[in-house]
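> Here is my input, please return the structure:
(one chain, ligands or ions: 2)
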Amino acid sequence: MADRSYRIAVLPGDGTGPEVVREGLKALEAAAAKTGFRYDLEHYDLGGDRYLKTGDILPDSILEELRGFDAIFLGAIGHPEVQPGILEKGLLLRLRFELDQYINLRPVKLYPNVDCPLKNKGPEEIDFVVVRENTEGLYSGMGGFQYKGTPQEVSTQIHMTTRFGAERAIRFAFDLTRKRNKDKQLHLVGKTNVLTFVHDTWWRAFNEVGEADYPDIRREYAHVDATVMWFVKNPEWFDVIVVENMFGDVITDLGAMIQGGMGIAAGGNLNPEGVSMFEPIGGSAPKYTGQDVICPLAAIAAVQMMLENLGEEDAGARIEKAIIEALGSGKIKSLSAGKMGMGTAEMGDLVAGLI
Ligand code: IPM
Ligand code: MG
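Ligands and ions are numbered 1, 2, ... in the order given. Sure, this is the predicted structure:
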């Protein structure tokens, strides 16, 4: 029997990250008290401020320590005084890659009483999950410059796909579709009409795996450009989507918008055989730092995902129920920064109280 005791690394990060992480931890504490699991937290001050002070981004010794946790809870990375790419690649992407978190799981679920920008679409229509491959594609870091700074400058950024990487994401997505047991339908999203190499690998892997091992799951395919159109026009068509890294990055921001925005969208960077990391998918929103105006529900939903992933299903379900009840209480005016009708900490207290 599992001992139901977890070691969790907390990386509050930059900007408003620490504020929303604090509220996520309130939900964790409340859920533990109700359902009886135990946990230890270890905080790490990685992020823009430490980098500017010391030059550290992700010291190897800390990376090694992180391998020993049961899960990682991350706030947000991104600092206005640090050149774009340094923290993203050096910290967030390095963690995803080094810990082999090969799935980026992003549920797109609209709860009742949340404003949706789509006309005539509600919770019935918006309930799907995106399985984004998280370690390959254009994120692989392959490529470079030639003749940089001259009129002959050449730059390449290689889309690296392996059959192994595509297949493990595809298998994860088929399993999830089966477990969800909703429409039993998995969409592959790609661009087979133009990117005829990498998306051909995905296409064949998808069909071969599906045909051999998942005959109960209906397979659908959509080009990425059509997918964003359907997210707006017919989001009810989707149950589970599997998609390569870069397209997954793009479509999940649109997904976040139709579920109520960055204030509520959470994601999990999963290594099903190792250490996974959970985060609100929005950025560090530096201009709102310290103002108590940012919505903490995304961070709280990230804690929910973390607990579900640790096998604490009951605790996860309680957090989700509390989020739904908080939204139904009439006290939350909006999920947009500064328009919530209450402060960040107050909303965290409201949800923790309902748990
Ligand atoms: C995300 C973010 C990251 C990504 C950035 C911050 C590197 O946009 O988690 O979607 O591109 O994956
Ligand atoms: Mg993104």
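
> Any buried residues in the strand or helix carrying Ala212, and which?
Here Ala212, judged by DSSP states H and E, is contained in helix 198-213. Residues of helix 198-213 classed as buried: Val198, His199, Thr201, Trp202, Trp203, Ala205, Phe206, Val209, Gly210 (neighbour count, 16 or more other C-beta atoms under 10 Å). To be clear about C-beta, it is placed using only N, CA and C from the backbone, and glycine gets the same treatment.

> Can you name the residue of the chain nearest to ligand 1?
For the chain, the nearest residue to ligand 1 under the criterion C-beta to the nearest ligand atom is Glu88, separated by 3.8 Å.

> measure that residue to Thr196 for me?
29 Å (C-beta to C-beta, to the nearest Å).

> For these two, work out which one has more neighbours and name it.
With neighbours defined as other C-beta atoms under 10 Å, Glu88 and Thr196 compare such that Glu88 has more, 14 against 10.

> Tell me, how many residues neighbour the closest residue to that one other than its chain neighbours?
Distance criterion C-beta to C-beta, 6 or more residues apart in numbering; nearest residue to Glu88, sequence neighbours excluded, is Ile77 at 6.3 Å. By other C-beta under 10 Å, 26 other residues sit near Ile77.

> returning to that earlier point: which elements pack onto the helix holding Ala212?
Under the contact definition 3 or more C-beta pairs under 8 Å, 6 or more residues apart in numbering; DSSP states H and E, helix 198-213 sits against helix 163-180, strand 185-190, strand 218-223.

> ok, back up a step: would you mind giving the buried residues of helix 198-213 as JSON lines with distance to Arg171 and pLDDT added?
As requested, the buried residues of helix 198-213 are arranged in JSON lines below (distance: C-beta to C-beta, whole Å; pLDDT from 0 to 100):
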{"residue": "Val198", "distance to Arg171": "18", "pLDDT": "98"}
{"residue": "His199", "distance to Arg171": "18", "pLDDT": "98"}
{"residue": "Thr201", "distance to Arg171": "15", "pLDDT": "98"}
{"residue": "Trp202", "distance to Arg171": "13", "pLDDT": "98"}
{"residue": "Trp203", "distance to Arg171": "15", "pLDDT": "98"}
{"residue": "Ala205", "distance to Arg171": "9", "pLDDT": "98"}
{"residue": "Phe206", "distance to Arg171": "10", "pLDDT": "98"}
{"residue": "Val209", "distance to Arg171": "6", "pLDDT": "98"}
{"residue": "Gly210", "distance to Arg171": "10", "pLDDT": "98"}
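
> can you redo the residues you listed as CSV with distance to Ala9?
Below are those laid out as CSV (distance: C-beta to C-beta, whole Å):
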residue, distance to Ala9
Val198, 33
His199, 36
Thr201, 34
Trp202, 33
Trp203, 38
Ala205, 33
Phe206, 34
Val209, 33
Gly210, 36
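
> what about Ala302, which helix or strand?
According to DSSP H and E, Ala302 maps onto helix 297-309.

> avg pLDDT for that helix?
Helix 297-309 comes out with an average pLDDT of 98.

> contacts for that helix?
Outside helix 297-309, the residues that touch it by C-beta atoms under 8 Å, 6 or more residues apart in numbering are 8, 20-21, 23-25, 27-28, 31, 71, 73, 75, 105, 107, 262-268, 270, 276, 278-282, 313, 315-316, 319-320, 323, 326, 335, 347-348, 351.

> repeat for stretch 348-355
The contact list for stretch 348-355 (C-beta under 8 Å, 6+ apart) reads 22-24, 26-27, 29-31, 34, 296-297, 300, 318-319, 321-323, 325-326, 329, 331-332, 342.

> Please indicate which of those are buried?
Of these, these count as buried by 16+ other C-beta under 10 Å: 22-24, 26-27, 30-31, 296-297, 300, 318-319, 322-323, 326, 332, 342.

> follow-up on the earlier one: could you check the helix holding Ala302 and say which residues are buried?
297-309.
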